[in-house]
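[1] Here is my input; please provide its structure:
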Amino acid sequence: MAEPKEDQEQDLGPLPCSPCRGTGKLNSNSGGEPHSVDCPWCEGSGVLIPDHDAQAAQRPEGEQLNEKPQPAVD
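    Next up is the predicted model:
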């Protein structure tokens, strides 16, 4: 008897981070000169971190994510 699909997904182990392709590094041109930076989505581990907020480190301390819909701009 075949295992349910849900059980098969759990057997895969950790998934590689898609943005950095599992390398833990991204190329950045910020500042005008290309350089390598740690991937903010996996924090340099190369492994996908479920429900991770990659932009949290860039927010000023104490600032919360505004989850209210923004008004349309005409």
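
[2] what about the helices in this structure?
    5-10 (DSSP state H).

[3] Low-confidence ranges, it, go.
    Counting by pLDDT under 70, the chain contains low-confidence ranges at 1-11, 62-71, 74.

[4] Determine which residue lies closest to the centroid of it.
    Among the residues of the chain, residue 41 comes closest to the average C-alpha position under C-alpha atoms, centre = their mean, at 2.4 Å.

[5] so how far is residue 12 from it?
    Noted for residue 41: a distance of 18 Å to residue 12, by C-beta to C-beta, to the nearest Å. For every residue, glycine as well, the C-beta is placed using N, CA and C.

[6] likewise residue 44?
    Distance of residue 44 to residue 12, computed by C-beta to C-beta: 22 Å.

[7] quick one, which of the two is more surrounded?
    residue 44 (16 against 7; other C-beta atoms under 10 Å).

[8] my guess is residue 28 contacts residue 38, does it?
    No - counting by C-beta atoms under 8 Å, residue 28 stays clear of residue 38, with 10.1 Å between them.

[9] ok, residue 45 to residue 61 distance?
    Taking C-beta to C-beta as the criterion, residue 45 is separated from residue 61 by 24 Å.

[10] more neighbours, the two?
    In this view residue 45 and residue 61 are compared by other C-beta under 10 Å, and residue 45 has more residues nearby, 16 against 4.

[11] Hmm, that one is touching residue 23, no?
    No - the pair formed by residue 45 and residue 23 falls short of the contact definition of C-beta under 8 Å, at 10.2 Å.

[12] so where do the strands sit in this structure?
    Counting by DSSP state E, the chain has strands at residues 25-28, 35-38.
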